[in-house]
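1. Predicted model and sequence below, questions to follow.
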Amino acid sequence: MAKYIVILGSIMSGLGKGIVTSSLLKILKERGLKVLPLKFDGYLNVDCGTMNPYRHGEVFVLKDGTEVDMDFGHYERFLGKDLTGESSLTGGKIFKQIIEKERRGDYLGEDVQFIPHVTNLIKDHVKRYAKGQDIVIIEVGGTVGDIENAYFIEAMRQLSLEEKVLFIQLTYLPEINNELKTKPTQHANKLIQSYGIKPSILLLRANRKPSKEHLQKIALYTNTNKLFYDPTLETIYELPLVLEDQNIYYAIADELGIKAKKEPDWKKWKKLVNNLKRAKRSVNIAIVGKYVENKDAYASVKEALVHAGAHLNTKVNISFEDSSKLGNLSQYDGLIIAGGFGKRGIEGKIKAIKYARENNIPLLGICLGMQLMVVEWARNVLGWKKAHSTEFNPKTPYPVVDILPEQKSIIEKGATMRLGEYPMEIKPGTLLSRIYRKKVAKERHRHRYEINPKYIKDLEKSGLIFSAFYKHVPEAIEYPNQLGIGLQSHPELTSKFEKPSPVFLWLVKQSMKSSKK
């Protein structure tokens, strides 16, 4: 029977509950335990698909097409495992189910209330999801005291009366006048105890190590002596090692009564972390996009570059270029044209593509980035100066990018794009075939538009290579000089720390060659 770890926040957001959850997943997996994450989010959206990346960061797409928040990217990257939509439970999902059940008559004769109907629905989902697992780690989004997550916390209190549940609270120790302050931790812990929950382990987020006196004071006021330091680190991938060195596994095992199934082997992970911290070389790569004010909008792209750099013992210096006001691109050894939506910044992306193509700068176009590579090629190689995507110019005489046929009749925005994993058949002899080393590769998608099949022959005659398809949908293009690749998919979403994306490995390798010139 599965056991549970519930990760709770404290007085403020942004402390890194997602990274803590991911690190604990990795630590437990190293012991041979079957573990999965589950995240609760209080917002009333059914999923993250319609959320603004400026405010919420990137929308991460799971293998089955579920649109979730960026924490799921961390879970998959640390765990090395693909998740499903069952790992995400939002307020919107819950209330949608509650209303549907009420309308069907499932609650006939009852007043539908938070307790027991909402809390029971949450507990039932948790127990179904946990079948076949040793441990499920549940991250409760938001901070303690939020209205939005109160019913989730209540459901977990009730679950702890029925199952073996360990509560871990992540708290913050701010530093003022060169002194760490423990009051925020004391008050946050007091607040969660007022919910009927007593965390058995506290993780103390701080910029320097708490003293023995700090720990004694916190233990006195929180009634727990299982205290662990969560420091600010050079790389997030070091946190599992830091927590491992503090023997957090044994504290968890003691609370849950679990036993390891094998000895942990951290050799590969340690080597990769060491490569990140002491890389022998460096390379400069820019991500060109429209949401650069919030770097989290491109979290998976950034992490995919980090993964590739770790495996190549190379530090990837990542810059963000606003496509609305491009800077000096000559300082970069490689460029990524990121995905996105909306007209703003489109011409800047096309300008960056033209610069990379004409100056033999390694280039990776992702989703919209690939589509704009085709637009730029049509304009400047074929001479179709008014070529464009119908997304941005419905009246263009050369609609080289057009809406997918199955999307034309769709009105609703939520979860209606071409979403999730699709296979692409790769043409033999292409650069892409050498990168993936297989005939069929699978990547995740999130788009409504495609390269217009009507213009493929003209584009190919002019030298552009279409190197992969899924049925009628062009999945990949490449330049004849083999320095530019465009993918309709989002390869960054499948990159893992211990198994980087082949396309990102290619880009970093080519950028390393470019930097030597």
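-> Right, received. Where do you want to start?
2. Helices of the stretch 51-200 of the chain, start to end?
-> 53-56, 71-79, 91-104, 119-129, 150-162, 183-193 (DSSP state H, counting those that start in this stretch).
3. Buried residues in the fifth one, which are they?
-> For helix 150-162, the buried set under the neighbour-count rule, 16 or more other Cβ atoms under 10 Å, comprises 151-160. Bear in mind the C-beta positions are built from the backbone N, C-alpha and C, glycine included.
4. a markdown table please, covering these and showing distance to L83.
-> What follows is the buried residues of helix 150-162, written out as a markdown table (distance: Cβ to Cβ, whole Å):
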| residue | distance to L83 |
| --- | --- |
| Y151 | 23 |
| F152 | 19 |
| I153 | 23 |
| E154 | 25 |
| A155 | 21 |
| M156 | 20 |
| R157 | 26 |
| Q158 | 25 |
| L159 | 21 |
| S160 | 24 |
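5. and those residues as CSV, adding distance to K226 and pLDDT?
-> Output for those, formatted as CSV (distance: Cβ to Cβ, whole Å; pLDDT from 0 to 100):
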residue, distance to K226, pLDDT
Y151, 27, 97
F152, 23, 97
I153, 20, 97
E154, 24, 98
A155, 24, 98
M156, 19, 98
R157, 20, 98
Q158, 23, 98
L159, 20, 98
S160, 17, 98
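6. my guess is A310 meets F497, correct?
-> Yes - assessed by Cβ atoms under 8 Å, A310 is found in contact with F497 at 7.1 Å.
7. any residues in contact with both of those two?
-> Here A310 and F497 have 237, 272 as joint contacts, going by Cβ atoms under 8 Å, 6 or more residues apart in numbering.
8. how does the chain divide up, domain by domain?
-> 3-269, 279-516 (automatic domain parsing).
9. Check those domains for me and report the most buried one.
-> Of those, the one with the most neighbours on average (mean count of other Cβ atoms under 10 Å) is domain 279-516, at a mean of 20.
10. what's the average pLDDT for it?
-> Per-residue pLDDT values over domain 279-516 give a mean of 94.
11. quick one, strands of the stretch 201-350 of the chain?
-> 201-206, 227-231, 281-289, 314-322, 334-337 (DSSP state E, counting those that start in this stretch).
12. In CSV, list the ones you listed along with distance to I11.
-> What follows is those, written out as CSV (distance: least, Cβ to Cβ, whole Å):
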stretch, distance to I11
strand 201-206, 11
strand 227-231, 15
strand 281-289, 33
strand 314-322, 30
strand 334-337, 37
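13. returning to what we had before: which one of the helices of the stretch 51-200 of the chain lies nearest to L368?
-> helix 53-56 (13.0 Å; Cβ to Cβ).
14. what's the average pLDDT for the closest one?
-> Mean predicted lDDT for helix 53-56 stands at 78.
15. I would like the residues contacting that helix, please.
-> The list of residues contacting helix 53-56 from outside it, by Cβ under 8 Å, 6+ apart, reads 48, 59, 69, 291, 293-294, 296-297.
16. how about S409, secondary structure?
-> Secondary structure for S409, judged by DSSP: H, G, I helix; E, B strand; the rest coil, is coil.
17. ok, it to F341 distance?
-> 20 Å (Cβ to Cβ, to the nearest Å).
18. cool, T430 as well?
-> 29 Å.
19. Can you show me the strands along the stretch 1-150 of the chain?
-> Going by DSSP E, counting those that start in this stretch, the stretch 1-150 of the chain shows strands at 3-8, 35-41, 60-61, 67-68, 88-90, 135-140.
20. So which of the ones you listed is nearest V400?
-> Judging the strands of the stretch 1-150 of the chain by Cβ to Cβ, what sits closest to V400 is strand 60-61, at 25.0 Å.
21. hmm, back to that, turn the strands of the stretch 1-150 of the chain into TSV, columns for mean pLDDT.
-> Formatted as TSV, the strands of the stretch 1-150 of the chain follow (pLDDT from 0 to 100):
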stretch	mean pLDDT
strand 3-8	98
strand 35-41	98
strand 60-61	96
strand 67-68	96
strand 88-90	97
strand 135-140	98
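22. For K81, find the nearest of those.
-> Using Cβ to Cβ, those put strand 35-41 closest to K81, at 8.1 Å.
23. Adjacent strands (with direction) for that closest one?
-> Pairing partners of strand 35-41, with direction, according to DSSP bridges: strand 88-90 (parallel), strand 135-140 (parallel).
24. Which one of those strands lies nearest to G9?
-> strand 135-140 (7.0 Å).
25. Need the residues that contact the closest one.
-> Against strand 135-140 from outside (Cβ under 8 Å, 6+ apart): 2-9, 17-18, 21, 24-25, 28, 33-40, 71, 126, 129-130, 149, 152-153, 156, 256, 258.
26. let's go with 7 Å and repeat that
-> 2-8, 17-18, 21, 24-25, 28, 33, 35-40, 71, 129-130, 149, 152-153, 156 (Cβ atoms under 7 Å, 6 or more residues apart in numbering).
27. now stretch 172-181
-> In contact with stretch 172-181 (Cβ under 7 Å, 6+ apart) are residues 10-12, 15, 182, 184-185, 204-207, 210, 214.
28. Quickly check those residues for the two that are furthest apart.
-> The widest separation within those (Cβ to Cβ) is 18.6 Å, between M12 and H214.
29. which phi and psi does the residue nearest to E498 when sequence neighbours are not counted have?
-> Once flanking residues are discounted, E498 sits nearest to G80: 5.6 Å by Cβ to Cβ, 6 or more residues apart in numbering. Backbone torsions for G80, taken as degrees, to the nearest 10, come to phi 70, psi 30.
30. residues contacting G80?
-> Contacts of G80 by Cβ under 7 Å, 6+ apart are 496, 498-499.
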